[in-house]
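Enquirer: Need a 3D model of the following:
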Amino acid sequence: MTFSLSAGSKAVITLLASLQINAGFISPVYAHEESEGEKHLQESYRLTKAGEDEEALVEADKGLKVDQGPTMLRRKAECLLNLGKANDALVEAKKAVKLSPDNADTHMLLATVYDALKMDGDAANELTIAIAKRPADRGFRLWRAKLYQRHQEFAKAAEDLTVVINNTAIQNRSKPLEQRGTCYLLLKDYQKAIADFTSALANSYGRSSLLRQRAEAYEKLGNHVAAKKDIQAAGTMDEAFEPPSTLGVNK
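Expert: Numbering: from 1, shown residues only. This next block holds a predicted model:
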């Protein structure tokens, strides 16, 4: 049985394939085995980046014949996941976590597999472990926030997004501010929602969706004038960004 990867999972796998290989994860018995395993590992990553997923899996299997360490197991799990074989990937990812329980990236990979299998609770648990091991990684928290939002745990999502916002440069806060504002809107904390949408608008350009969400919050508070103003501004913005018409084509 095969599973299709979400856009987020595909992005994670692509990122993992692009990372520098940490030689400390290779656990050879002999020096020539280290060299052989590294060669297959690097070739497997190259093939993944080239879109040759079947061939990448073959190289990963070759590598596992000379090195059964967590890096090789992770590589095979990534290849299987790219091929839509999430259940098989789960087996390899769990082996990697058992061998390397303190590695945040290994837990992130297992979370990716769980995500592909629609096992959101397990994915969130693995991300929680990854966050504990690498607290400053904003990507882990953004991902967990999305999982919380998916399950309507908006307060938990807002907590993660607050940490992300506080550790992000002001000019890069627009997206997490919008996400947190949406959480506050759904939590009926309209004042906080308005504050976040307003801050996000100050750091974005052409985002009519922010105006519409802020208008909704204003409307809930009974501020119909402000709500109407935002709706009108959103409409004007949509018109300004409307693609140019193919004038004269049908003449």
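Enquirer: residue ranges for the helices of this protein, please.
Expert: Using DSSP state H, the helices of the chain run over 7-18, 31-49, 53-66, 70-82, 86-99, 104-116, 120-133, 138-150, 154-166, 174-186, 190-202, 208-220, 224-240.
Enquirer: quick one, domains of this protein?
Expert: Per automatic domain parsing, the structural domains of the chain span 1-96, 163-240.
Enquirer: Redo those domains as TSV? Include mean neighbour count and mean pLDDT.
Expert: No exception for glycine: its C-beta is placed from N, CA and C like everyone else's. Compiled in TSV, the domains of the chain are given as follows (neighbours: other C-beta atoms under 10 Å; pLDDT from 0 to 100):
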stretch	mean neighbour count	mean pLDDT
domain 1-96	18	78
domain 163-240	18	93
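Enquirer: Which among those domains is found nearest to His107?
Expert: Between His107 and the domains of the chain, the tightest spacing by C-beta to C-beta is seen for domain 1-96, at 9.2 Å.
Enquirer: how about Thr182, what does it touch?
Expert: Each residue near Thr182 by C-beta atoms under 8 Å, 6 or more residues apart in numbering is listed here: 149, 193, 213.
Enquirer: Relative to Ala217, how far out is it?
Expert: Applying C-beta to C-beta, to the nearest Å, the value for Thr182 to Ala217 is 10 Å.
Enquirer: who touches both of those two?
Expert: Residues touching both Thr182 and Ala217 (C-beta under 8 Å, 6+ apart): Ala193.
Enquirer: if I pick the residue lying closest to Ile131 once chain neighbours are set aside, what's in contact with it?
Expert: In space, and not counting its chain neighbours, Ile131 is closest to Phe140: 4.9 Å by C-beta to C-beta, 6 or more residues apart in numbering. The contact partners of Phe140, by C-beta under 8 Å, 6+ apart, come to 104, 108, 127, 130-131, 134.
Enquirer: Which one of those is nearest to Lys39?
Expert: Scanning the contacts of Phe140 for proximity to Lys39, where the rule is C-beta to C-beta, the winner is Met108, at 25.3 Å.
Enquirer: okay, now that closest one: neighbour count?
Expert: 26 (other C-beta atoms under 10 Å).
Enquirer: List the contacts of it.
Expert: 12, 126-127, 130, 140.
Enquirer: quick one: least confident of these?
Expert: Within the contacts of Met108, pLDDT reaches its minimum at Val12, with 54.
Enquirer: Which two of the contacts of Phe140 have the greatest separation?
Expert: Longest span within the contacts of Phe140, C-beta to C-beta: Leu127 and Arg134, 10.6 Å.
Enquirer: neighbour count winner among these two?
Expert: Of the pair Leu127 and Arg134, Leu127 is the one with more neighbours under other C-beta under 10 Å, namely 28 against 15.
Enquirer: Make sure that one is actually in contact with Thr112.
Expert: No: the pair Leu127 / Thr112 is not scored as a contact, 9.7 Å apart, by C-beta atoms under 8 Å.
Enquirer: Out of the domains of the chain, the one nearest Met119 is which?
Expert: Nearest to Met119, of all the domains of the chain, is domain 1-96, at 9.0 Å by C-beta to C-beta.
Enquirer: CA atoms only for stretch 182-190, dumped as CSV, please.
Expert: Presented in CSV, the C-alpha positions along stretch 182-190 are these (Å, rounded to 0.1, in the frame of the first residue of the first chain):
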residue,chain,number,x,y,z
THR,A,182,-6.1,33.0,13.0
CYS,A,183,-5.7,30.9,16.2
TYR,A,184,-6.8,33.8,18.3
LEU,A,185,-9.7,34.5,16.0
LEU,A,186,-10.9,30.9,16.4
LEU,A,187,-10.4,31.1,20.2
LYS,A,188,-12.6,34.2,20.1
ASP,A,189,-9.8,36.4,21.5
TYR,A,190,-10.6,39.1,19.0
